[in-house]
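Q: Here is the input, now give the coordinates:
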Amino acid sequence: MKPDLPSTANTADAGDDGRLFAPSSPRIKGPILDLLKARLGDSGRFLEIASGTGENIVHYAVSMPGWRFQPTDVDPERIASISAWIAHEGVENVAAPAPLDAAVEGWGKTVEVDAIHIGNLFHLISEPQSRAILQECSNALAPNGKLIIYGPFTRAGELTSEGDQRFHESLSAHNPEIGYKDDFEMLDWISETGLEPAEVIEMPANNLCLLAVKSY
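A: Residues are numbered from 1 along each chain as shown. The predicted structure is shown next:
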C-alpha cells in the first residue's frame, strides 16, 4: 500500500524523460555507496526495498559491478522512474524494478539474497508495517546475508536536532502512526526476527545506518 504522507515527505522533481530526482539523493548516495563497498563483498545478490526514484541504486550498481541489483517499490510512478534511470545509465547489473509492498507477509520466503538495503523508509510507515518488513527481510536473507538500514531515528527516545523535531512533528501530525522510530527499539525488533544487530554507524545529516547479519 502506498503510504499517505504529508507534502514535507517523499518529494521528487520530474525530468523530461521519465526520471524523478530526489533532493536528498546527491547528498546521501555517496556516503551510502562507501558504506556498502566497505561492508559487502565483491559479488552477490542485492535487494533494495522502496527504491524510490531509482537514482541511488543505479549509482551503487555502476561502482559495484560484481553485484546483481533488484530494485523494488510500491508506487507505479517510482517504478517508472527506476526503469528510466536504468535506461539512462545503461547499467546491465540492475534488474527491472519489481512492484513490492514489503509489509505484506510471504514475499521473503520466495527469494534469497545476500544483502538488503532500506533507505529513508521507516519514519514514513507504522510500527506494525516496520516489524513486518524486518521479518520478511530476515526470511529473504541467505546465511551471512546483511541488512542495511539508513535513515533518521530518535536516539534513546530523543530527537537530537531542530530539523528532526520539525520533520517528525509534521509526520505525526499528518498520521499519528508514523514518524521517527527509536534506534534502540529498531535494534530490538531486528533481534526478534532472528537477525543479529552488528553495527550502528553515524551518517551525514544526523542519520544512522543500522547493520544486521543473518548468522545462520
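
Q: Does residue 74 touch residue 100 like I think?
A: Yes - using Cβ atoms under 8 Å, residue 74 is in contact with residue 100, at 6.6 Å. C-beta: built from backbone N, CA, C; applies to glycine.

Q: which of these two has more neighbours?
A: residue 100 (21 against 17; other Cβ atoms under 10 Å).

Q: Can you report phi and psi for that one?
A: Main-chain dihedrals, residue 100, degrees, to the nearest 10: phi -150, psi 120.

Q: likewise residue 106?
A: According to degrees, to the nearest 10, residue 106 has phi 120, psi -30.

Q: Now do the same contact list for the closest residue in space to residue 56 that isn't next to it in sequence.
A: Distances taken as Cβ to Cβ, 6 or more residues apart in numbering place residue 29 nearest to residue 56, at 4.6 Å, with adjacent residues excluded. Residue 29 makes contact with 55-56, 59-60, according to Cβ atoms under 8 Å, 6 or more residues apart in numbering.

Q: Then residue 157?
A: With contacts defined as Cβ under 8 Å, 6+ apart, the neighbours of residue 157 are 182, 184.

Q: hmm, back to that, quickly note the distance from the residue nearest to residue 56 to residue 60.
A: From residue 29 across to residue 60, the span is 8 Å (Cβ to Cβ, to the nearest Å).

Q: okay, and the helix or strand of the chain with the least pLDDT?
A: Across the helices and strands of the chain, mean confidence by mean pLDDT, DSSP states H and E is lowest for strand 13-14: a mean of 88.
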